[in-house]
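>>> quick check, what structure comes out for this input:
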Amino acid sequence: MERPSLEINLPDTHEEGKLYVVDSLNNLNKLNVCPDGSQHALDEEENTGGTGENTAGSNIRDQCLFFVTFILTLIVSLALVSFVIFLIIQTRNKMDQISSRLISQKKTIEELKKMNNMILKHLNQSGIKE
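Residues are numbered from 1 along each chain as shown. You can find the predicted model right below:
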């Protein structure tokens, strides 16, 4: 019986191990050398392979996201302003109705006072007192 040779897989495993060790050392070096802000930029560059294709795509995506957010914010603001204007107009209409009612009630109260004074005068003239 022939034993299968493991030497064919060993060089590949050894190469992968070397790449893993080098990659780990690079990550450790980045953590020690780079501040937190630049680490994010290095990670993006590493993900794109250093070509800059992803940064251009993400830049455009960020601009589109900003534009959509800006438009949505404007629409919500316009809706809120319209609602406030509607409430102001409704409040003004209600205040006009209330003030007209108060004016009419004031006239009614003045007429009642005049009638009360006339009744008191008439009672005083006829000599009937309480």
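>>> output the below-cut-off pLDDT ranges for this protein.
1-22, 28-29, 31-54, 128-130 (pLDDT under 70).
>>> helices and strands around the one helix or strand Asn116 maps to, which ones?
Per DSSP states H and E: Asn116 is located in helix 53-126. Under the contact criterion of 3 or more C-beta pairs under 8 Å, 6 or more residues apart in numbering; DSSP states H and E, helix 53-126 touches helix 36-48. Using the backbone N, CA and C atoms, a C-beta is placed for each residue, glycine as well.
>>> again, only this time at 6 Å
Of the remaining helices and strands, none touches helix 53-126 by 3 or more C-beta pairs under 6 Å, 6 or more residues apart in numbering; DSSP states H and E.
>>> when you give positions from now on, start the count at 29
Let's use 29 as the start, then, which means that last one is helix 81-154.
>>> for burial, what's the neighbour tally of Thr83?
14 (other C-beta atoms under 10 Å).
>>> Lys58 now?
Other residues close to Lys58 by other C-beta under 10 Å number 14.
>>> please report the distance of it from Phe94.
Look at Lys58 and Phe94: by C-beta to C-beta, to the nearest Å, they are 29 Å apart.
>>> equivalent analysis for Lys141, please.
Distance from Lys141 to Phe94, by C-beta to C-beta: 69 Å.
>>> next: Asn121.
41 Å.
>>> cool, and Leu106?
Applying C-beta to C-beta to Leu106 and Phe94 gives a distance of 19 Å.
>>> with just CA atoms, put stretch 95-115 into PDB.
Written as PDB, here are the backbone C-alpha positions of stretch 95-115 (Å, rounded to 0.1, in the frame of the first residue of the first chain):
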ATOM      1  CA  PHE A  95     -28.200  64.500  -1.300                       C
ATOM      2  CA  VAL A  96     -31.100  62.200  -0.600                       C
ATOM      3  CA  THR A  97     -30.900  63.000   3.100                       C
ATOM      4  CA  PHE A  98     -30.900  66.700   2.300                       C
ATOM      5  CA  ILE A  99     -33.900  66.400   0.000                       C
ATOM      6  CA  LEU A 100     -35.800  64.400   2.600                       C
ATOM      7  CA  THR A 101     -35.000  67.000   5.300                       C
ATOM      8  CA  LEU A 102     -36.200  69.800   3.100                       C
ATOM      9  CA  ILE A 103     -39.500  68.000   2.400                       C
ATOM     10  CA  VAL A 104     -40.100  67.300   6.100                       C
ATOM     11  CA  SER A 105     -39.200  70.900   6.900                       C
ATOM     12  CA  LEU A 106     -41.600  72.200   4.200                       C
ATOM     13  CA  ALA A 107     -44.400  69.900   5.600                       C
ATOM     14  CA  LEU A 108     -43.800  71.200   9.100                       C
ATOM     15  CA  VAL A 109     -43.800  74.800   8.000                       C
ATOM     16  CA  SER A 110     -47.000  74.300   6.100                       C
ATOM     17  CA  PHE A 111     -48.700  72.700   9.100                       C
ATOM     18  CA  VAL A 112     -47.600  75.600  11.300                       C
ATOM     19  CA  ILE A 113     -49.000  78.100   8.800                       C
ATOM     20  CA  PHE A 114     -52.300  76.100   8.700                       C
ATOM     21  CA  LEU A 115     -52.500  76.200  12.500                       C
END
